[in-house]
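Colleague: sequence unknown, structure follows:
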Ligand SMILES: Nc1nc2c(ncn2[C@@H]2O[C@H](COP(=O)(O)OP(=O)(O)OP(=O)(O)O)[C@@H](O)[C@H]2O)c(=O)[nH]1
Ligand SMILES: [Zn+2]
């Protein structure tokens, strides 16, 4: 999949490699003294950063980075900061650089004046953990499909995390995602303990994972178990948001004890996907993507697309039963992209 940095604003200084050569121009000082940092949270124009030296610092965007959604600095971004990077009270550093993103999770606005405008929510995460309860509240397959589309489009690996398996059998829900080969984790409450937590820990260790899920699915329960202290408005969380996680209205990166980051997102209500193209989604499926090289130009690969090579692949038996199921699942995601979220 093509790398997408989430902006085409030339004022945003994005370098292919943090250690690579930086082009110098007269207009833009190179900021050779900039310190590397990770964006942990964003709160009313203030960026909560952790420098490579491990110092929590508050920063603001330097003017030369530009304004508006196209030059946004988001949670997970790797940035360069100058100025006061001591982290002392009431100091403010300046973000002068955003490194090239390895992934960009985005959503587009669905209605109102900004309809269709896409924005990046989280940068540089490897996986999207879609937290869904098997019951109470009932799982919402269409919402899960939409999260999958967002993950594939972002260049992130999706993972299903099915909670409350003590209340319902995970098998029927899991079967919906079999053909797509989405990895799944299953947790439950037994004797006041979360079962399945070790597998979740293992899956998240050393990686940067975004956790997404509706209110009530047990995401907070999970985050609190994974990140000791995450639920308290003290310690690192206080440093991150300045207020405590529950009042935060945007994503926040929490350090996992064994290494890696869990990026908690506020309850999702909708996930606009109008920015995702059929080919962008197809690129996440190597096998289907290879077959579709024979499609007519501009093929939408949908069930009603004329002469779609994916139909021939199934019709002449090359796909086999598994391939046929996979195509049907791919097309379900394609359709979910344009459906209204439920
Ligand atoms: N039976 C059962 N209940 C669970 C499980 N996990 C969480 N719960 C319960 O489900 C309810 C919702 O859990 P939360 O962790 O608050 O859910 P959330 O998704 O963070 O929801 P918000 O806090 O509203 O965003 C709580 O009463 C939990 O105790 C589980 O595996 N099984
Ligand atoms: Zn096609």
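Modeller: Perfect, thanks for sending it. Here the structure is a predicted model, which means the values were calculated and not measured. Ligands and ions are numbered 1, 2, ... in the order given.
Colleague: wait, doesn't residue 57 sit right on residue 93?
Modeller: Yes. At 5.1 Å, residue 57 counts as touching residue 93 under the criterion of Cβ atoms under 8 Å. In short, each C-beta sits where N, CA and C put it, glycine included.
Colleague: tell me how far the top strand by length along the chain is from the chain's mean position?
Modeller: If you go by DSSP state E, the chain has its longest strand at strand 35-43. In terms of Cα atoms, centre = their mean, to the nearest Å, the gap separating the centre of strand 35-43 from the centre of its chain is 16 Å.
Colleague: Flag every buried residue along the next helix or strand after it.
Modeller: Under the assignment DSSP states H and E, the closest C-terminal helix or strand after strand 35-43 is strand 46-51. When burial is assessed from 16 or more other Cβ atoms under 10 Å, strand 46-51 yields the following buried residues: 47, 48, 49, 50, 51.
Colleague: And stretch 108-128, by the same measure?
Modeller: 108-110, 117-128.
Colleague: from these, which ones fall inside strands?
Modeller: Those of the buried residues of stretch 108-128 lying in strands (DSSP E): 108, 118, 119, 120, 121, 122, 123, 127, 128.
Colleague: does residue 336 count as helix, strand or coil?
Modeller: Assigned with DSSP: H, G, I helix; E, B strand; the rest coil, residue 336 falls in the helix class.
Colleague: Going forward, the N-terminal residue is numbered 4.
Modeller: With 4 as the first residue, the last one maps to residue 339.
Colleague: Could you check how far it is from residue 183?
Modeller: Computed as Cβ to Cβ, to the nearest Å, the residue 339 to residue 183 distance reads 12 Å.
Colleague: what residues are shared contacts of those two?
Modeller: Here residue 339 and residue 183 have residue 151 as joint contacts, going by Cβ atoms under 8 Å, 6 or more residues apart in numbering.
Colleague: any idea how this protein splits into domains?
Modeller: 4-104, 107-267, 281-341 (automatic domain parsing).
Colleague: How about the stretch 54-203 of the chain: which residue is closest to ligand 2?
Modeller: residue 155 (16.6 Å; Cβ to the ion).
Colleague: so the closest residue to that residue other than its chain neighbours, which of the three states?
Modeller: Spatial nearest neighbour of residue 155, chain neighbours left out: residue 287 (3.6 Å); criterion: Cβ to Cβ, 6 or more residues apart in numbering. What three-state DSSP gives for residue 287 is coil.
Colleague: that older thread, the longest strand of the chain vs strand 121-126, what angle?
Modeller: 120 degrees (axes from the mean of the first three to the mean of the last three Cα atoms, to 10 degrees).
Colleague: Can you tell me which helices and strands strand 38-46 packs against?
Modeller: Secondary-structure packing of strand 38-46 (3 or more Cβ pairs under 8 Å, 6 or more residues apart in numbering; DSSP states H and E): strand 49-54, strand 59-64, strand 81-86, helix 238-244, strand 255-258.
Colleague: Thanks again, I'm all set now.
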